[in-house]
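In: Give me the fold of what follows.
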Amino acid sequence: MRPFARLITATAVLALGATTLSGCATTDFVRKEIAGVNGRVDGTQDQLKSHDAKLNAHDSKIGEIDRTSREALERATAAGKLAEGKFLYTVVLSDDSVKFPVASSALSEEAKTRLNDFVQKLKTDNKNVYLEIQGHSDNTGAKAVNQRLGEERADAVRLFLNQQGVALNRMSTISYGDSSPVASNKTRAGRAQNRRVVVVVLN
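Out: Okay, here's the model as predicted:
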């Protein structure tokens with residue numbers, strides 16, 4: 001083979017090799033980029049799932065309060081105790097403020113302070129409101145025990161409010177026991193949230 005021909009052949013081989021290597025490098029780069037993008041997408045999807053779960057839990061809690069409030073309004077209306085038949089608001093006394101211990105209906109000092117503030121609001125508003133006091137429990141123990149515990153918690157709040165000047169005929173109590181949880185009973189924090197009293201304020 002002539003020297004010139006050999007030179008052309010060698011150049012062609014080198015060019016082909018360079019193209020092949022370049023192609024491999026490009027393929028590896030693309031694969032790495034795709035893997036990185038997929039990882040970011042997976043992370044974003046996980047965040048969205050977590051966010052959706054929190055929203056669903058929040059919606060469930062709001063729905064539960066709405067349901068019990070609606071039932072309270074229906075009971076009060078049926079009893080003829082409302083002037084206008086309107087739901088005003090709820091006061092939720094959960095473990096954060098009331099600190100109901102397990103299997104106990106005793107009011108803590110924090111609970112009494114919170115209820116005192118509530119009474120002052122009632123006096124300031126000067127409205128002829130009607131209160132339904134709803135007692136709840138977690139699912140620790142038997143159904144009958146939890147039902148009674150809900151009653152005792154609601155009664156404890158009603159008695160304290162009466163001692164602060166709220167007329168007994170403006171208040172009623174009901175126990176939901178462990179039938180209306182607002183959080184999972186599988187965790188300690190969730191059970192603490194379920195040990196609560198909800199005061200529904202009606203007019």
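
In: just checking, R170 touches I133?
Out: No: using C-beta atoms under 8 Å, R170 is not in contact with I133; the gap is 10.8 Å. Where you see a C-beta, it was placed from the backbone N, CA and C, and this is true even at glycine.

In: higher neighbour count, these two?
Out: Taking R170 and I133 together and counting by other C-beta atoms under 10 Å, I133 has the greater number of neighbours (23 against 15).

In: what about stretch 78-89, average pLDDT?
Out: Stretch 78-89 shows an average pLDDT of 75 in the prediction.

In: Would you mind pulling the contact partners of it?
Out: Stretch 78-89 is contacted from outside by 69-70, 72-73, 76-77, 127-130, 172, 200-203, using C-beta atoms under 8 Å, 6 or more residues apart in numbering.

In: By neighbours, which of these wins?
Out: Most neighbours among the contacts of stretch 78-89, by other C-beta under 10 Å: V200, with 27 neighbours.

In: Helices of the protein, residue ranges please.
Out: Taking DSSP state H, the helices of the chain run over residues 3-78, 109-125, 143-163, 188-194.

In: give me phi/psi at G80?
Out: The main-chain torsion angles of G80 are listed as degrees, to the nearest 10 and equal phi 70, psi 30.

In: what about it, how many neighbours?
Out: Using other C-beta under 10 Å, G80 has 7 neighbouring residues.

In: Thank you, goodbye.
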